[in-house]
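Enquirer: Sequence first, predicted coordinates after that:
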Amino acid sequence: MEFNESLQRILSSRDMKQADLCRMSGIESSLMSNYVSGRKIPTLTNAIAMADALQISLDELAGREAPKRVIEQRLLSDFRELSDEGQEVAVNTVYGLRSVYKKHHQSRVAQTA
């Protein structure tokens, strides 16, 4: 996926306009228009400003799959924002998923043996 396609997708999914991202990132509208249209690729400084404004990784902004470490950091950050009760629900959900996955995996291994 090209950078401009990824940027368009992100803006659309957040129901944002280019002007919104310009205000949030401090990038001039004419330059942002060039990024969105694909006429220009942003400098690293401007890409960082956009990613920070959108609260996403550079990988995600560029349309690349987020590395596992980024996903883990985002999950931990989201977890910390939960109330104590919310954290307890999240932990119990993860334990339940792990238990179901482990049983499913063991069942598949037994079938192939």
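Expert: Received it, and whenever you're ready, just let me know what you need.

Enquirer: When you work out contacts or count neighbours from here on, use the C-alpha atoms and nothing else.
Expert: Will do.

Enquirer: Tell me which helix or strand residue 79 sits in.
Expert: Residue 79 belongs to helix 68-81 when assigned by DSSP states H and E.

Enquirer: Which elements pack onto that helix?
Expert: helix 84-112 (3 or more CA pairs under 8 Å, 6 or more residues apart in numbering; DSSP states H and E).

Enquirer: quick one, the helix it packs on and helix 68-81 angle?
Expert: Helix 84-112 and helix 68-81 are oriented at 140 degrees to each other (axes from the mean of the first three to the mean of the last three CA atoms, to 10 degrees).

Enquirer: Give me the distance between helix 84-112 and the centre of its chain.
Expert: Put simply, helix 84-112 sits 24 Å off its chain's centre (CA atoms, centre = their mean, to the nearest Å).

Enquirer: Show me what that helix is packed up against.
Expert: Contact here means 3+ CA pairs under 8 Å, 6+ apart; on that basis helix 84-112 packs against helix 68-81.

Enquirer: Need the contact partners of the helix it packs on.
Expert: Contact with helix 68-81 is made by 57, 87, 90, as judged by CA atoms under 8 Å, 6 or more residues apart in numbering.

Enquirer: Burial check on the last one, number of neighbours?
Expert: Right, the one you point to is residue 90. Neighbourhood size, residue 90 [other CA atoms under 10 Å]: 14.

Enquirer: And for the closest residue to it other than its chain neighbours, the neighbour number?
Expert: With sequence-adjacent residues excluded and distances taken as CA to CA, 6 or more residues apart in numbering, residue 90 is closest to residue 79, at 7.7 Å. The number of residues packed around residue 79, counting by other CA under 10 Å, is 16.

Enquirer: Good, wrapping up.
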